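**Q** Here is a sequence together with a model predicted from it:
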Amino acid sequence: MGALTLLAQTQADAIQMPYRALMVGYAIFIPALLLLNYMTKSGVIARATTKEAIRQPVFLLMTALGLTVITINVWVPFFSLGDDTKMYIDCGLATVLICSLLHCVWTASVSVADEIEGKTAMTLLSKPINRRQFVFGKYIGIFQSALIMIAILGVVFFFLTYYKFHYDQKESAQEQTPLVYFRAVSWLPFQMPFMNRVYFEVARSILPGLTLIGMEVAVMTAVSVAISTRVPMMVNMIVCFAVFVIGNLSSVLVQSNVQNVFVRFFARLFATILPGLDHFNMSAAVSTGKIIPPEYIGLAGLYCLAYVAAMLMVGMWLFEDRDLA
């Protein structure tokens, strides 16, 4: 029996702490975001930016691409010797991350850099809104649009993970009898097992991974917004790509036994200045059924908040003396 099955059966007997901690975090984060949107001047810009970002073709394209890949992978054989569900979860989390990151970087370039270059930012700043509120509102709006994309992909990913585990168990003759099946209807080409706690626990195991992806997207959005206050879209996308690659490799180089002095020096320099994105990459742990401790998620959230605040201050400093005329 696979690791995911054993873990799911263990979790089915008791509610695990990571999920309680996540629910508490969501209950604090979502109302705070709503208050920020409707009780501050930056919230006005944030709401307008979110609506604009959702209407962009790149949002629809990335969402459709993510849904297509996640759906097709349900029936794609991974040839993993009985661990297809683990590979499916790993690929699904990577798909959500890539789609949301591409959307954020592109939208930050269009929403911030193009508005500055096109002089439309002057219209907003002529109202009782200062430059710091403009940058902060743009960041919140872009990040909110990414959260909407992650939520859409996450909901579909959850139910398809549920079905994928059932599908793999049935293919390997290890299926557990579900309590109820959805009745076959014209728009549903397959029967879906319902109310099976083991399948539910496997599907629920993607929540910590999706939460960490949201944190990584928050960090990269802050980097992109800060850079967009000074450089055009193409430069912003190249720099963000370099930050993403180096941010996932710098800590690995620091911990490795590389003897080259220059490599170790620059690895430590990049690990200090650039975000440690590998701290948010827990897809391998999630796909293999390991429980991510709530303490780790909490520390990752604090690190995300600190780095986002630092990058937004850098962006505000860069934008403070930017000539808009």
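**A** Done, it's in. What you see is a predicted model; the values in this text were computed from it and never measured.
**Q** what about the helices in the stretch 51-200 of the chain?
**A** 57-72, 84-108, 114-117, 121-125, 131-171, 197-204 (DSSP state H, counting those that start in this stretch).
**Q** Tell me if I'm right that Met149 and Met62 touch.
**A** Yes - assessed by Cβ atoms under 8 Å, Met149 is found in contact with Met62 at 6.6 Å. (Glycine included, C-beta is placed from N, CA and C.)
**Q** where do the contact lists of the two overlap?
**A** Overlap of the contact sets of Met149 and Met62 (by Cβ atoms under 8 Å, 6 or more residues apart in numbering) consists of 99-100, 103.
**Q** So which of these is the closest to Gly66?
**A** For the shared contacts of Met149 and Met62, the minimum distance to Gly66 (Cβ to Cβ) is 4.1 Å, reached by Cys99.
**Q** How much space separates that closest one from Val110?
**A** 17 Å (Cβ to Cβ, to the nearest Å).
**Q** Which one of those two is surrounded by more residues?
**A** Cys99 (26 against 18; other Cβ atoms under 10 Å).
**Q** Kindly state the pLDDT recorded for the more buried one?
**A** Looking at Cys99, its pLDDT is 94.
**Q** give the contact list for it.
**A** 62-63, 65-66, 149, 153.
**Q** how about the residues you listed, which pair is most distant?
**A** The span of these, defined through Cβ to Cβ, is set by Leu65 and Met149 at 10.7 Å.
**Q** Tabulate the helices of the stretch 51-200 of the chain (CSV), appending distance to Val261.
**A** Formatted as CSV, the helices of the stretch 51-200 of the chain follow (distance: least, Cβ to Cβ, whole Å):
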stretch, distance to Val261
helix 57-72, 42
helix 84-108, 33
helix 114-117, 41
helix 121-125, 45
helix 131-171, 38
helix 197-204, 47
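**Q** so Pro128 touches Phe134, yeah?
**A** No - under the criterion of Cβ under 8 Å, Pro128 makes no contact with Phe134, lying 11.6 Å away.
**Q** and the strand or helix carrying Ala300 with helix 131-171, angle?
**A** Per DSSP states H and E: Ala300 is located in helix 294-320. If you take axes from the mean of the first three to the mean of the last three Cα atoms, to 10 degrees, helix 294-320 sits at 140 degrees to helix 131-171.
**Q** by contact count, what packs against helix 294-320?
**A** Here helix 294-320 touches helix 17-39, helix 131-171, helix 207-228, going by 3 or more Cβ pairs under 8 Å, 6 or more residues apart in numbering; DSSP states H and E.
**Q** And the shortest one, how far out from the chain middle?
**A** Pointing back at helix 207-228 there. 6 Å (Cα atoms, centre = their mean, to the nearest Å).
**Q** who are the neighbours of it, in terms of helices and strands?
**A** In this structure, helix 207-228 packs against helix 17-39, helix 84-108, helix 131-171, helix 233-255, helix 283-287, helix 294-320, with contacts taken as 3+ Cβ pairs under 8 Å, 6+ apart.
**Q** For the ones you listed, state which one has the densest average packing.
**A** Most buried of the helices and strands packed on helix 207-228 by mean neighbour count (mean count of other Cβ atoms under 10 Å) is helix 84-108; its value is a mean of 24.
**Q** That one vs helix 57-72, what angle?
**A** Computed by the same axes, to 10 degrees, the angle between helix 84-108 and helix 57-72 is 180 degrees.
**Q** Checking my notes, Arg322 in a strand, right?
**A** No - applying DSSP: H, G, I helix; E, B strand; the rest coil, one finds Arg322 to be coil, outside a strand.
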